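A.B. asks: Output the structure for:
(2 chains)
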2 protein chains.
Amino acid sequence: MNQFSKSIQGQQRVIIEHITPQLEGGRFAVKAFVDDTIKVEADVFLDGHDLLSTNLLYKFSKDKDWTSIPMSFVGNDHYEAYFDVKENGLYTYTIEAWVDHSASWEHEMEMKIKDGQHVNVELLVGANILDKMASIASKEDKTELKAYAKLFRDPKNYDESVAFASSEKMHHWIHQYPDKQHVSIHKELKLWVDREKAAFSSWYSMFPRSASTDRKRLHGNFKDVEENVLPRMKSLGFDVLYIPPIHPIGMQFRKGKNNSTTCQEDEPGVPYGIGSEEGGHTAIHSELGTLDDLKHLIATCKSMDIELAMDLAIQCSPDHPWAKEHPEWFKIRPDGTIQYAENPPKKYQDIYPINFESENWQGLWQELKNVIMTWAEWGVRIIRVDNPHTKAFGFWEWVIAEVQAVYPDMIFLAEAFTKPRVMEQLAKLGYTQSYTYYTWRNTKADLIGYMNELTKTDQAMYMRPNFWSNTHDILPYSLQSGLEPLFLIRYFMAATLSSNYGIFGPFYESMIHEANPGKEEYKNSEKYEIRQWDWKFENKLTHIIRMTNQARKENSALQRTNNITFCEIENDNILAYIKTHWNGNRILSIVNLDAYNSQGGYVRVPLNLIGKRPDEEYIVHDLLTGAKYFWTGEFNPIELNPQLMPMHLFRIEDL
Amino acid sequence: MNQFSKSIQGQQRVIIEHITPQLEGGRFAVKAFVDDTIKVEADVFLDGHDLLSTNLLYKFSKDKDWTSIPMSFVGNDHYEAYFDVKENGLYTYTIEAWVDHSASWEHEMEMKIKDGQHVNVELLVGANILDKMASIASKEDKTELKAYAKLFRDPKNYDESVAFASSEKMHHWIHQYPDKQHVSIHKELKLWVDREKAAFSSWYSMFPRSASTDRKRLHGNFKDVEENVLPRMKSLGFDVLYIPPIHPIGMQFRKGKNNSTTCQEDEPGVPYGIGSEEGGHTAIHSELGTLDDLKHLIATCKSMDIELAMDLAIQCSPDHPWAKEHPEWFKIRPDGTIQYAENPPKKYQDIYPINFESENWQGLWQELKNVIMTWAEWGVRIIRVDNPHTKAFGFWEWVIAEVQAVYPDMIFLAEAFTKPRVMEQLAKLGYTQSYTYYTWRNTKADLIGYMNELTKTDQAMYMRPNFWSNTHDILPYSLQSGLEPLFLIRYFMAATLSSNYGIFGPFYESMIHEANPGKEEYKNSEKYEIRQWDWKFENKLTHIIRMTNQARKENSALQRTNNITFCEIENDNILAYIKTHWNGNRILSIVNLDAYNSQGGYVRVPLNLIGKRPDEEYIVHDLLTGAKYFWTGEFNPIELNPQLMPMHLFRIEDL
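C.D. replies: Next up, the predicted model:
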């Protein structure tokens, strides 16, 4: 019978289909956080009328064996089961199911006995089942099982056998010793579990070289960051410090202030022009400090519950050592020179992009992995990746898996301000968090539409948004007006819509809004020059930041993103949304999107989400102002004056 | 570098995702009909700013090479292309895409030349591109390509080279000789293409043994069918004659009238109790005729544009030859007997079910395939399968593929009156058509919901409904009232909602409605006894059948199912739906679901589907009565009296 393909399991009768969660047929891992409970569902069925049994199987990467959990029947051939993920790292899971002849036998015996049928042959079937059980049973049970098999086979014991066939013990054995002949097993699916920081983080971004407060020493360094920046972050409540590249900066074609192609001799250059004779991606720009200074900064951060995020920009200045040592990693022009970056007709001669079609791609990938592994050895556990969408997708999938196999706690944030399919792909391939389009979503319809895309579609399984109101590259048009209410609400929405968010400071708190004309970039950007700041500066916005970050820490509902529900309110200028946590924490945020006028209306509170009856009173407690209001039922009035306070951050509390 | 898995294509940069049509990640074939045009879409993208090119590839099973069709850019990294399927059988299709360095070069040259840049190095790149083209070019082009490469390399020809770089000819070559280095190719997907009959068929089901009109000879035969039944079918407009099993019927435990367990000696038995000493599934019950008689029937059918559908019931009477020759294909009880069918406490001792967990499953599968192949050799090209859901899924997938590899025109209809997931699975595994839940969908909401499930979800890709108002097994409660309007509309909706439908006659036309009490089965069912009929009988229902079948033949909109759109009408007793065909044919059906009262309302005609302006007049021509009405715009009044005519079958015609 050589006509049958070996892949055909002719006697296997159970079908397992439509397992959720599942991302594109198991091509990509689904993502979760440590301590999550994962609900697994599937359609499981077979031909005919036999009963089936089905188990959820899962294991952590370090486990040898599957843990097995019986699935519950929901209806219409649908089953479900739950498992808890306690470890940071890779889990696999799948489902097994088999025709449960023993359970079918038990069920049919019951029907026949009720009907008064003589079941002598059925008892012989039962004896065979008991023998099979005995072959896999524990020592104690084995003897007993064999004894009952013997009992069943002797017609003299008919009544006793029939009684035992429907006993609790028999029922228990049937489930303890299943006969999994011809079991069907679905292909394995992957689940990546991240540590808590991947779910909940408040980022502050700044240029270390601007951290000096010494008028006589313009160039700041890691010590200045410890002294001036960390205390401010701590006071405002941020917990991730993200700094642009800290490596030696190239001299050839170095850019001057405001991206000028002519550069004065004393100008510091762009940190993204990485590499000089002093070294490349694993060297440190000497004016920032030594490797020991960096490690000291990381340690000080840690002592303050802050993490340092480094910036991985895979590109080189013409002075980078790789340009000499590995010209094959770049595109070589027919004249023998290395191809600089272009966006024709624009030329960026200070940057050599990497050629991922290099014949020596394996050496390149290894070296890039080596950069990340070196940083990891220094103690870095968060990496913000610059323009990941201009590097090959295959590389990211490989390198993130390689690094996280050793450092599962490593977090990668993708700065992929690019097209939707590309942004999504990077998240699917393994990026922990992603910059998003939030920066350009301003109207109520746009904000709700975008949040639903992120939290109510497949994206909820793999994309963790990190909302930024500004970055060192982007001063969005919406903020170029400089209107204080906009700075307040753009900040506030980032921090309450998304559990991960960030600002680029002190530009943001200072509400700096001067742009290069017609562009969404800061004038006199710190990318091209060094600034000095008053790191103790306070205003209304810093107050809101402090109160919001404190509320985020104290309210678990704000520590997740997918738990959002938008509330109806008949006013297109008011955005209202509620976040809930299984522990009972409920946060209702209400924002006036109009920077000029007071706006109000009746917010419809979803009573099912807050667990209240229509006639029941409850408290809404504004965590920004301390004010408390007594509300009843669904519809309650609010009004927000943008000149005073354009938002509420209500905790819903019981009386 | 043995660290890299061989599956990693490090230099491949293009991602191809989300190809449609596609069924569960390519696990199952998508289905189509001969002469369909298939629209293929996908997301295709790469990192960075290079341009890409992408082709749809497809081939018919007998083709050696792919046919390649360039895909069109739709927007947002989305591409589409079309191909026509002209053959009955298996197609495969996929998508290839590559970084188009030549096209990128052309684009960048244009930008730089516009900007007035000197492009000497770019011309050298161009020369290399021309050389690469020459290596795959036709003989004539090769010489010319090499000449231009030489031209590009000589700085003396700068102006001429620059001019040629942006010439039509260069552009043409770039697309004619693409450089597909590191091309990405998606995994192949399957498309099964059926002949037209799979899309459009009108079934008439009857028992040949009831075809005799000779009072002295009760048992009908194939000749009687030719003489009495085929003329009636032709006159009423049916084109598939479906007959229950025609094999020798077993004697042991033979059932009597109305499923009685006691059987008189002269009773004919149940055709589903297959097999006797005379033979099994490839033998013919002698009272029906010889194999030659059957072949003659098939030939006569063919001459009348009717096809014969045989009934495959995989089960045996205790007298079937397999019971002796292959006891291992059945479940053997511990007492050595073969297990008969049971649904405890009920026993069906006249039937031995097959055990698909048999150790000799390979022999079993081959023998069952042999049955079908034998029938196919007789000329049978349509098989109705009895209870396919009680046989192993894996078997169906294998046997349908095996048979259709030789007879791609073979049509399999699944009689899977079972749970939704099981019914769907059989269709996915290869069944051409499926019996459905139509028989029990009576209200407007149920009918619309069910039709949308069939035609607007994934089911549209694989499930071809065949709507039956009754079958020899089922007299639905809705018809047990015997109300004429219900017989009219249940017939009419089957024939106009679905392009495939059937009735069990002459029970249906005669509006026979006596059921066994509390059951949806006919009293005195022909399954257990022989009847004789007046095959020339006419009534209002036969008139409607004749007119409807004629309309189905003359209007291509009625020859497909997924082309349906329901029309608004503010009356829960009126169902209105329009079907359109690309050739301009438009059929609007309107049905009064209330058997007692006249019902009316304003039907909203979707003007976009019929191509009319709001102020434009058009004709609705009732194909059942010949009446014509002049309608204008969207909303038009109708009223249907169930005692007169409970439906309209309007063709929409231009003035």
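
A.B. asks: Can you check the pLDDT for the residue located most distally from the centre of chain A?
C.D. replies: For chain A, the residue at maximal distance from the C-alpha centroid (CA atoms, centre = their mean) is residue A:156, at 66.1 Å. Looking at residue A:156, its pLDDT is 95.

A.B. asks: Shouldn't it be within a strand?
C.D. replies: No - the assignment for residue A:156 is helix, going by DSSP: H, G, I helix; E, B strand; the rest coil, so no strand is present there.

A.B. asks: now it: how far from residue B:59?
C.D. replies: Per CB to CB, to the nearest Å, residue A:156 is found 70 Å from residue B:59. The way it works is simple: take the backbone N, C-alpha and C, and place the C-beta from them, glycine included.

A.B. asks: Return the distance of the residue farthest from the centre of chain A relative to chain B.
C.D. replies: Distance of residue A:156 to chain B, computed by CB to the nearest CB, to the nearest Å: 17 Å.

A.B. asks: so where do the strands sit in the stretch 251-400 of chain A?
C.D. replies: A:307-312, A:315-316, A:341-343, A:346-348, A:352-353, A:382-386 (DSSP state E, counting those that start in this stretch).

A.B. asks: whoops, I mixed them up, the stretch 451-600 of chain A
C.D. replies: Using DSSP E, counting those that start in this stretch, strands in the stretch 451-600 of chain A cover A:465-468, A:500-504, A:564-566, A:574-580, A:586-592, A:599-604.

A.B. asks: Spit out the contact partners of residue A:111.
C.D. replies: Neighbouring residues of residue A:111 by CB atoms under 8 Å, 6 or more residues apart in numbering or on different chains: B:344-345.

A.B. asks: ugh, wrong one, I meant residue A:220
C.D. replies: A:207-212, A:288, A:530, A:532.

A.B. asks: Could you identify the most distant pair in those?
C.D. replies: A:288 and A:532 (15.4 Å; CB to CB).

A.B. asks: Show me which of these two is the more surrounded one.
C.D. replies: Legend: neighbour count by other CB atoms under 10 Å in any protein chain shown for residue A:288 and residue A:532, higher for residue A:288 (24 against 16).

A.B. asks: was I right about the more buried one contacting residue A:207?
C.D. replies: No - the pair residue A:288 / residue A:207 is not scored as a contact, 10.1 Å apart, by CB atoms under 8 Å.

A.B. asks: Identify all contacting residues around stretch A:295-307.
C.D. replies: Against stretch A:295-307 from outside (CB under 8 Å, 6+ apart): A:197, A:222, A:225-226, A:230, A:233-234, A:238-241, A:289, A:308, A:378-382.

A.B. asks: Inside helices: which ones of these?
C.D. replies: Cross-referencing the contacts of stretch A:295-307 against helices under DSSP state H gives A:222, A:230, A:233-234, A:378.

A.B. asks: Point out where chain A drops to low pLDDT.
C.D. replies: A:1-2 (pLDDT under 70).

A.B. asks: mind giving me the domain split of it?
C.D. replies: A:14-98+A:188-193, A:102-176, A:202-314+A:363-558, A:564-653 (automatic domain parsing).

A.B. asks: For whichever residue of the stretch 551-655 of chain A sits closest to chain B, give me its contacts.
C.D. replies: Of all residues in the stretch 551-655 of chain A, the one sitting closest to chain B is residue A:562 (22.4 Å; CB to the nearest CB). Residue A:562 makes contact with A:455, A:460, according to CB under 8 Å, 6+ apart.

A.B. asks: now residue A:92
C.D. replies: Contacts of residue A:92 by CB under 8 Å, 6+ apart are A:58-59, A:61, A:188-191.

A.B. asks: Make a PyMOL selection of the buried ones in the residues you listed.
C.D. replies: Buried subset of the contacts of residue A:92, written as a PyMOL selection, criterion 16 or more other CB atoms under 10 Å in any protein chain shown:
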select buried, chain A and resi 58+59+189+190+191
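
A.B. asks: and the contacts of residue A:92, which of them are in helices?
C.D. replies: Using DSSP H, none of the contacts of residue A:92 sit in helices.

A.B. asks: and which of the contacts of residue A:92 is nearest to chain B?
C.D. replies: residue A:189 (12.5 Å).

A.B. asks: Let me know the distance separating the closest one from residue B:361.
C.D. replies: Relative to residue B:361, and taking CB to CB, residue A:189 is found at 29 Å.

A.B. asks: With residue A:344 instead?
C.D. replies: For residue A:344 relative to residue B:361 (CB to CB), the value is 65 Å.

A.B. asks: for residue A:292, same thing?
C.D. replies: Residue A:292 is 71 Å from residue B:361, by CB to CB.

A.B. asks: got it, and residue A:493?
C.D. replies: Residue A:493 is 62 Å from residue B:361, by CB to CB.

A.B. asks: now do residue A:583
C.D. replies: Counting by CB to CB, the gap from residue A:583 to residue B:361 is 54 Å.

A.B. asks: again with residue A:651
C.D. replies: Taken as CB to CB, the span from residue A:651 to residue B:361 is 64 Å.

A.B. asks: Any idea which residue is closest to the centre of chain A?
C.D. replies: residue A:464 (3.8 Å).

A.B. asks: Is that residue in contact with residue A:33, as I believe?
C.D. replies: No - look at residue A:464 against residue A:33 with CB under 8 Å: they stay out of range, at 9.3 Å.

A.B. asks: Counting neighbours, what do you get for the closest residue to chain B within the stretch 401-550 of chain A?
C.D. replies: Using CB to the nearest CB, the closest approach of the stretch 401-550 of chain A to chain B is made by residue A:421 at 4.3 Å. Look at residue A:421: counted by other CB under 10 Å, it has 16 neighbours.

A.B. asks: do the same with residue A:77
C.D. replies: 20.

A.B. asks: from what I can see it touches residue A:41, true?
C.D. replies: No - under the criterion of CB under 8 Å, residue A:77 makes no contact with residue A:41, lying 11.3 Å away.

A.B. asks: residues touching residue A:356, list them.
C.D. replies: Per CB under 8 Å, 6+ apart, neighbours of residue A:356: A:364, A:391-392, A:395, B:10-11, B:13, B:47.
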